[in-house]
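K.L.:
Give me the fold of what follows.
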Amino acid sequence: MRALAMAVVAVVVLVGGCAAGTTGTGESTHAPPPGADGPMADAVKTGETCNGTELLTPADGFAEVRGTSEDAELWGLLFAEVPFEAGAEVKIVWRMTGEGPLKVSATGPGGKRAKLVWLEDHGGSNWRRPGYEWGTGWVFPAPGCWKVELSRTRGSGHAWLRVA
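P.N.:
Predicted coordinates:
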């Protein structure tokens, strides 16, 4: 029982240490947005995928990443363990604020391009992050760090994902 209490305290300390704010470079920190609720509200930073993109893992559910953007908010819900397996199809659901249709691409080591197998408009789900929602299917052909870029008529951003 004492071990459980210590684990709860550790989670509270970790989550409490992710207060919203900005870094010295003007980038927002990776805390859940105000009003976030549901299964991802208690997500804890569990590592980094690549190049600063943090991997957040909830107590129960799929891992997520928060992308980098100056004019939108971008989140990815990952339906496979990170690092992803090279050559295997991976499902990622994206939520992004802004306006207009979504365009996506992914570039990896040596300028290689990932294959976008499918892109579909979701219209919504029970995943609680801001913005409109799309599902994507990707095949990353080689190991390394992959930059997934997303853009809308108004708003753009990216996230780095590790592939093994």
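K.L.:
can you give me the strands in this structure?
P.N.:
Taking DSSP state E, the strands of the chain run over residues 44-48, 54-57, 64-66, 74-78, 89-96, 103-107, 115-121, 132-139, 144-151, 156-163.
K.L.:
Other residues contacting the third one?
P.N.:
Applying Cβ atoms under 8 Å, 6 or more residues apart in numbering, the contact partners of strand 64-66 are 30, 40, 43, 49, 53-58, 74-78, 129, 159, 161. All C-beta spots, glycine's among them, are computed from the backbone N, C-alpha and C.
K.L.:
Please point out which parts of stretch 49-66 sit buried.
P.N.:
For stretch 49-66, burial by neighbour count (16 or more other Cβ atoms under 10 Å) applies to 49-50, 53-58, 62-66.
K.L.:
picking up where we left off before, which stretch in the strands of the chain has the least confidence?
P.N.:
Ranked by mean pLDDT, those bottom out at strand 44-48, which scores a mean of 68.
K.L.:
Who does Ala120 form a beta bridge with?
P.N.:
Small correction: residue 120 is Glu, not Ala. Applying DSSP bridges to Glu120 gives these bridge partners: Gly135.
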